[in-house]
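Participant: Just need the structure, nothing else, for what follows:
(4 chains)
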Protein chains: 2
Amino acid sequence: MKNSAERLTEELNKKGLRPSHQRIKILEYLANHPCHPTAEQVLFEMKKELPTLSKSTVYKTLNAFVEAEMLREITIENNEVRYEYNLADHGHFKCEKCGEVYDFEIDFDISQPEELSGFKINDKNIYFKGVCKSCLKKKQNI
Amino acid sequence: MKNSAERLTEELNKKGLRPSHQRIKILEYLANHPCHPTAEQVLFEMKKELPTLSKSTVYKTLNAFVEAEMLREITIENNEVRYEYNLADHGHFKCEKCGEVYDFEIDFDISQPEELSGFKINDKNIYFKGVCKSCLKKKQNI
DNA sequence: TATTAATATAAACTTATTATTAAATCAAAC
DNA sequence: GTTTGATTTAATAATAAGTTTATATTAATA
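Facilitator: A predicted model of the protein is given here:
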């Protein structure tokens, strides 16, 4: 575990968030897995460790983390918000077959487009869609 | 009008869509305005010309146009789908103040990222968020 | 321990989208 | 021009899914 509960507790304290058991566990999960779960997926996953975890706690916790800039919200599809711990600029690829989201490195220091001169840019997003290697492989084996 | 009703009628016929009055008007609107409306905004706008236009017609029409690859769906926020006639690759900027969406040119021929080698890419999207020039100007005048 | 904040539970809400069905429109044949 | 059949539209209701709220309970801090 790169991110120990101790370190994450400290991180929560720094942000003025009381380090409850649930918050530490949820943050630990996101910090130590390169995943991009929806709120629903976080709930499903964390129920294994925290059987009493509730939907409202997950939503409140994730929103609090985004507010505190500990997590990043990503929008690829119009019907789901995903969360990730990785705050560094990078692109996302979503597989149309399996739904998995992959990270990829890409140069975000694109020169500011002429059309946006005088604009204040707060957030840059790049996402691709298609079929991932693993799903392409499956298809061939049919 | 760059795109006459006649030309659009032909386009609809080519795609196998009966060129109804509503379809022509909606397509005409999108083809001649560089806008990125939601279904709701299309309804609101077109009601001026087509007072009896209904929600279901707008949704069906827009979906049919996307299906026929006459319009492109764009997802920036998780709670709204926007539509545009411009099928060429370009980026989008959404202003967090006024909600307006702007187009900008950007090089999409980025070399395929290493992490995506072996992946099939069907769709590339780039969107920025921030505050547009016009809203920045307003702020200064307060 | 007292105080304050966070969680669990269930229910309610919000809102984009779709289904349904009757009426209207259109194309084509008569 | 009229009839016929199929497609499209209008209007309403229903769906569906993610998200939020109310409240009682529990946990964390001072």
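Participant: does A:F128 sit in a helix, a strand or a coil?
Facilitator: Classification of A:F128 by DSSP: H, G, I helix; E, B strand; the rest coil places it in strand.
Participant: That one pairs with what?
Facilitator: Counting by DSSP bridges, A:F128 forms beta bridges with A:F93, B:K124.
Participant: so who does the residue nearest to A:I110 when sequence neighbours are not counted touch?
Facilitator: Leaving out its chain neighbours, the residue that sits closest to A:I110 by Cβ to Cβ, 6 or more residues apart in numbering or on different chains is B:I106, at 6.4 Å. Placement of C-beta: from N, CA and C, glycine included. Neighbouring residues of B:I106 by Cβ atoms under 8 Å, 6 or more residues apart in numbering or on different chains: A:I110, A:P113, B:H90, B:G91, B:I126.
Participant: Do you know the pLDDT at B:I106?
Facilitator: B:I106 is assigned 89 on the pLDDT scale.
Participant: if we can go back for a sec, can you tell me which of the contacts of B:I106 lies nearest to DNA strand D?
Facilitator: The shortest approach to DNA strand D among these belongs to B:I126, at 22.4 Å (Cβ to the nearest atom of the strand).
Participant: how many neighbours does that closest one have?
Facilitator: B:I126 is flanked by 24 other residues according to other Cβ atoms under 10 Å in any protein chain shown.
Participant: With the one 4 residues further on instead?
Facilitator: Around B:G130 there are 18 other residues, counting by other Cβ under 10 Å.
Participant: Confirm that the residue nearest to A:I110 sits in a helix.
Facilitator: No: counting by three-state DSSP, one finds B:I106 to be coil, located in no helix.
Participant: From chain B, how far out is the residue nearest the centre of chain A?
Facilitator: In chain A, the centroid-proximal residue (Cα atoms, centre = their mean) is A:E84; its distance is 1.7 Å. The gap separating A:E84 from chain B is 15 Å, by Cβ to the nearest Cβ, to the nearest Å.
Participant: what bridges to that residue?
Facilitator: Going by DSSP bridges, A:E84 is paired in beta bridges with A:R72.
Participant: contacting residues for it?
Facilitator: Residues near A:E84 by Cβ under 8 Å, 6+ apart: A:L30, A:C35, A:H36, A:L71, A:R72, A:I74.
Participant: Can you spell out the domain ranges of chain A, please?
Facilitator: Segmentation of chain A into domains, based on automatic domain parsing, reads A:5-84, A:91-140.
Participant: Most neighbours among the contacts of A:E84, which one?
Facilitator: Of all the contacts of A:E84, A:L30 has the most neighbours under the rule other Cβ under 10 Å, reaching 25 neighbours.
Participant: Which residues are in contact with it?
Facilitator: If you count contacts by Cβ under 8 Å, 6+ apart, A:L30 has them with A:P37, A:V42, A:L71, A:Y83, A:E84, A:Y85.
Participant: ok, now with 6 Å
Facilitator: The contact partners of A:L30, taken as Cβ atoms under 6 Å, 6 or more residues apart in numbering or on different chains, are A:Y85.
Participant: Quickly find the element holding the residue of chain A found nearest DNA strand D.
Facilitator: When distances are taken as Cβ to the nearest atom of the strand, chain A reaches nearest to DNA strand D at A:S56, 3.2 Å away. Using DSSP states H and E, A:S56 falls within helix A:55-67.
Participant: Which stretches in chain A count as strands?
Facilitator: A:72-75, A:81-84, A:91-95, A:101-104, A:120-131 (DSSP state E).
Participant: Could you point out which of the ones you listed sits nearest B:K48?
Facilitator: Distance to B:K48, taken as Cβ to Cβ, is lowest for strand A:72-75 among the strands of chain A, at 30.9 Å.
Participant: Would you tell me whether the closest one gets close to DNA strand D?
Facilitator: No: with Cβ under 7 Å from any atom of the strand as the criterion, DNA strand D is not reached by strand A:72-75; the gap is at least 8.9 Å.
Participant: Check whether that strand comes near DNA strand C.
Facilitator: No: with Cβ under 7 Å from any atom of the strand as the criterion, DNA strand C is not reached by strand A:72-75; the gap is at least 13.2 Å.
Participant: Residues touching that strand, excluding its own?
Facilitator: Residues outside strand A:72-75 that contact it (Cβ under 6 Å, 6+ apart) are A:V66, A:V81, A:R82, A:E84, A:L87, B:N78.
Participant: again, only using 10 Å
Facilitator: With Cβ atoms under 10 Å, 6 or more residues apart in numbering or on different chains as the test, strand A:72-75 has contacts from A:36, A:62-63, A:65-66, A:80-88, A:90, A:92, A:94, A:101, A:123, A:125, A:127, B:75-79, B:127, B:129.
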